[in-house]
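Colleague: fold the following, please.
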Amino acid sequence: MKTTFSLLFYLKKPKNYENGLVPVYMRITIDGKRAETTSGRECLPANWNNASGRLRGTKEDVRSFNAYLENLRNQVYEAHRAMTENEEEVTAENLKNKLLGKSSNIRLLIDIFNDHNKKMKGLVGRGYSKGTLTCFATTLRHTKDFLKWKYQLADIDIKRVDHDFLTNFQYYIRSEKDCGNNSTVKYIKNFKKIIRICIASGWLNSDPFINIKANMKVVDKIYLNQNELDRLGGKDFLNDRLNQVRDIFLFSCFTGLAYADVQKLKRTEIIRGDDAQLWITTKRQKTDTPSRIPLLPVAVNILSRYNDHPACSESGKALPVSSNQKMNAYLKELAGICGINKELTYHSARHTFATTVTLSNGVPIESVSKMLGHTNIKTTQHYAKILDLKVSKDMAQLMQKYAGI
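Modeller: Numbering: from 1, shown residues only. The predicted structure follows:
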């Protein structure tokens, strides 16, 4: 980023000055902001040329004096050049401190962000998931790209993060990175955590997020209705691969487990409860919250098909789950064969459990929330809002009551 840069030597007379030597000061001005320091030399005002910023005369002592100032000037310009090449933040104060060999106590945004992510990486599995780390890594990458796009800098003083910075950052993520509203909000919230660290550490005196608003939009959740579930479950595919993928997907539909939780589910986590029924007792990988789910007959039947599967016997896993990428690719194939015009993913399977399998059949929302491992029932309420069929059933009896009025 281009900056305006100037250097001036001038006399700074002390208060109540009457006569005698006056110190020569150096003033650095960058983008209209000044930083001053003494040059270490003094002279009589009568011998000073304000226009040139040098002593008048040609004597040896004058030439030596002016040569000293010229050398100092060259040092300033060299320091400015080095800071620019190293993509350091070039301000008048920073340049003066570099010249004087002082540490400027500048806290740099990317340094702080890197330190945060490094610590988070060490806590994956102990309070943080891999997914959370990946999201923060993406936020950091967007931040680095933004600094180059907006400021032509590799890093920036945390004190320069203000309202203007944040509004431009939001604009950049939405426009240049082509992110949707909810993705943008997620990245901004991650960035806000870094700012909270800076405030708590005393590196920022005020919160630049005070007038910044970023709200998630409720999006339509894809789920299968009962007819689509029946079509998928009743189809006999021509090869074992597709049948296996279908079984594991349906298991998620009838348990509400996310892909990561189905993939890691162990046989030892399936126990018989006090009611003599089989239960899943596990923890969600995403939030590390307990999840206890009674197994419906459909899920029990699926598990029984893989009791003797070599991969399961060897690993102790409940089901032979392939990589998420492969499973999603196969699910597209399944949807096409079954005539289901929806994107089948493990998100949609989890949504199907919440809507078609449980809430639509009268299971209380509190029970659904607990089985899904939600930490806040508001998350579960999003599913209830989209169930027009459930509303219709709830109102049917009331309609009959008022039918004769």
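
Colleague: so which residues of the stretch 201-350 of the chain form strands?
Modeller: Assigned by DSSP state E, counting those that start in this stretch, the strands in the stretch 201-350 of the chain fall at 270-272, 278-283, 290-294.

Colleague: for N117, which of these is the nearest?
Modeller: Distances from N117 to each of these were compared using Cβ to Cβ; the minimum, 24.0 Å, belongs to strand 278-283. (Glycine included, C-beta is placed from N, CA and C.)

Colleague: what sits up against the closest one?
Modeller: With Cβ atoms under 8 Å, 6 or more residues apart in numbering as the contact definition, strand 278-283 has outside contacts at 255, 257, 261, 264-265, 269-273, 289-295, 300, 373.

Colleague: would you mind writing the CA trace of it as CSV?
Modeller: Provided in CSV are the C-alpha atoms of strand 278-283 (Å, rounded to 0.1, in the frame of the first residue of the first chain):
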residue,chain,number,x,y,z
LEU,A,278,-31.1,-51.9,22.9
TRP,A,279,-29.7,-48.4,23.3
ILE,A,280,-26.8,-46.4,21.8
THR,A,281,-24.7,-44.7,24.5
THR,A,282,-22.1,-42.5,22.9
LYS,A,283,-20.8,-38.9,22.7
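
Colleague: okay, angle between it and strand 290-294 too, please.
Modeller: Our comparison of strand 278-283 with strand 290-294, counting by axes from the mean of the first three to the mean of the last three Cα atoms, to 10 degrees, yields an angle of 170 degrees.

Colleague: let me see the mean pLDDT of strand 278-283.
Modeller: On average, the pLDDT along strand 278-283 is 89.

Colleague: and the longest helix anywhere in the chain, which residues are buried?
Modeller: Once the chain is assigned using DSSP state H, the helix that runs over the most residues is helix 60-85. If you call a residue buried by 16 or more other Cβ atoms under 10 Å, then helix 60-85 has these buried ones: F65, N66, L69, L72, R73, V76, A79, H80, M83.

Colleague: distance from that helix to the middle of the chain?
Modeller: 45 Å (Cα atoms, centre = their mean, to the nearest Å).

Colleague: which residues are contacting the very next helix or strand once past that helix?
Modeller: Scanning forward in sequence from helix 60-85 by DSSP states H and E, the next helix or strand is helix 92-100. With contact meaning Cβ under 8 Å, 6+ apart, helix 92-100 is reached by 28-30, 33-37, 75-76, 79-80, 82-83, 88, 103-104, 106.

Colleague: give me the number of residues near the residue nearest to Y128 when sequence neighbours are not counted?
Modeller: On the basis of Cβ to Cβ, 6 or more residues apart in numbering, the spatially nearest residue to Y128 that is not a chain neighbour turns out to be M120, at 5.4 Å. Counted by other Cβ atoms under 10 Å, the residues lying close to M120 total 16.

Colleague: okay, and M120 sits in which element?
Modeller: For M120, the element it lies in under DSSP H and E is helix 109-122.

Colleague: dihedrals phi and psi, the residue nearest to I199 when sequence neighbours are not counted?
Modeller: Once flanking residues are discounted, I199 sits nearest to D207: 6.0 Å by Cβ to Cβ, 6+ apart. Taking degrees, to the nearest 10, you get phi -90, psi 110 for the backbone angles of D207.

Colleague: same check, this time on L8
Modeller: Per degrees, to the nearest 10, the backbone of L8 is at phi -140, psi 130.

Colleague: from what I can see it touches R27, true?
Modeller: Yes - at 4.5 Å, L8 counts as touching R27 under the criterion of Cβ atoms under 8 Å.

Colleague: the two - which one has more neighbours?
Modeller: Higher neighbour count among L8 and R27: R27, with 17 against 14, using other Cβ under 10 Å.
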